[in-house]
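Peer 1: Predicted model and sequence follow; I will ask about them next.
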Amino acid sequence: QVQLVESGGDLVQPGGSLRLSCAASGSIVSIRTMAWHRQAPGKQRELVATITSGGSTNYADSVKGRFTISRDNAKNTVILQMNSLKPEDTAVYYCNADIWRSGTYVYSEHWGQGTQVTVSS
């Protein structure tokens, strides 16, 4: 079994910063791409940022220049540093990863349970 556990969500004022963390645990052989997605009330889930095992990153246009994704491969952890937060960043943030579990021979997609980020004065 594999688990992804997010943490760091909170209530923050506009212009503030938050750091989200997601740790993968379990019978992991390897992790390929890791990513953060978010879903605001009444909206579809959207991709926020991705990072490959080699460190290549991509960002949604709405967060470029404000958010930074990074990872620690030794700890199977992905971080999302969010700066200059706006009310429209309010959403549940989900971590996901392509993981090769021991006992299998393919990568499969796994999701965390989500963490709430609220940007409001």
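Peer 2: Now that the structure is in, tell me what you want to look at.

Peer 1: Mind listing the residues bridging to the most centrally placed residue in the chain?
Peer 2: Central residue of the chain (CA atoms, centre = their mean): Trp36, 2.8 Å from the mean position. Residues in a beta bridge with Trp36, per DSSP bridges, are Ala49, Cys95.

Peer 1: my read: it touches Leu20, true?
Peer 2: Yes. Using CB atoms under 8 Å, Trp36 and Leu20 qualify as a contacting pair, with a distance of 7.0 Å. C-beta coordinates here come from the backbone N, C-alpha and C atoms, glycine included.

Peer 1: got a list of what the residue of the chain positioned farthest from its centre touches?
Peer 2: In the chain, the greatest distance from the average C-alpha position (CA atoms, centre = their mean) is reached by Gly103, at 25.8 Å. Applying CB atoms under 8 Å, 6 or more residues apart in numbering, we find Gly103 in contact with Ser27.

Peer 1: Repeat that for the one 3 residues further on.
Peer 2: Residues in contact with Val106 (CB under 8 Å, 6+ apart) are Trp100.

Peer 1: quick one: common contacting residues for Trp36 and Leu20?
Peer 2: In terms of CB under 8 Å, 6+ apart, Trp36 and Leu20 are both contacted by the residues 80, 93, 95.

Peer 1: Check the residues you listed against Leu11 and report the nearest one.
Peer 2: Set against Leu11, the nearest of those by CB to CB is Tyr93 (13.5 Å).
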